[in-house]
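**Student:** Sequence plus the predicted model coming up.
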Amino acid sequence: MRRTAALAAVSLALCSWACGSPEPPMPRACVDTSRADYERALTAAPGTVRLPGDVPISACTRHVKTDADLQNLGVLVHTVAERLATRARAGDARAALQLGYLSGAIGAGADRSNGVAAELARRVETTSAVLVDGPATVTAALARGAAAGRAGG
């Protein structure tokens, strides 16, 4: 009997260690905010960008758990990316920096996720890819933003 109890305790300890604690859900600020909240937060790029509640953008894609969350986040983030890309194509280097940051942060979160958000990261990155052949100031700003987003987004 003691042997069974000891074996059960060891098994429980191993499972706790191997399984870890469950990942937290996606922060509500990721989808309960507006496009304007994302755009306002991105004005801090390449510095620290946070959504309301001090939520980094990468936490949104990192913690996507459901198809509904992914769809809601995708619509919101892709709308922001498209708006920034339109301004950047017109030569707005600041918009390119913010788009790069958004793309980098979304990608960084997706890289650390269970893979559910990989397609969203690819779509946002594709939105910014059209700027690679743009003016040097726009291209440089995009790259600088992407690096900052990957590092701290």
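**Tutor:** Received the coordinates, thanks.
**Student:** Which residue comes closest to G53 once chain neighbours are left out?
**Tutor:** Leaving aside its sequence neighbours, G53 sits nearest to A29 (C-beta to C-beta, 6 or more residues apart in numbering; 4.4 Å). All C-beta spots, glycine's among them, are computed from the backbone N, C-alpha and C.
**Student:** burial count for that neighbour?
**Tutor:** 18 (other C-beta atoms under 10 Å).
**Student:** OK, contacts around it?
**Tutor:** Going by C-beta atoms under 8 Å, 6 or more residues apart in numbering, A29 touches 51-53, 55.
**Student:** ok, so of those, who is nearest S128?
**Tutor:** L51 (19.5 Å; C-beta to C-beta).
**Student:** Do I have it right that the closest one meets V31?
**Tutor:** No - counting by C-beta atoms under 8 Å, V31 is not a contact partner of L51; they are 10.0 Å apart.
**Student:** Could I get the contacts of A29 in TSV, plus columns for secondary structure and distance to E125?
**Tutor:** As requested, the contacts of A29 are arranged in TSV below (DSSP: H, G, I helix; E, B strand; the rest coil; distance: C-beta to C-beta, whole Å):
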residue	secondary structure	distance to E125
L51	strand	20
P52	coil	25
G53	coil	26
V55	strand	21
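**Student:** of those, buried ones?
**Tutor:** In these, burial by neighbour count holds for 51, 55, counting by 16 or more other C-beta atoms under 10 Å.
**Student:** Out of the contacts of A29, which is nearest to V138?
**Tutor:** Proximity of the contacts of A29 to V138, judged by C-beta to C-beta, is greatest for L51, which lies at 25.2 Å.
**Student:** Y38 versus the closest one, what's the distance?
**Tutor:** 7 Å (C-beta to C-beta, to the nearest Å).
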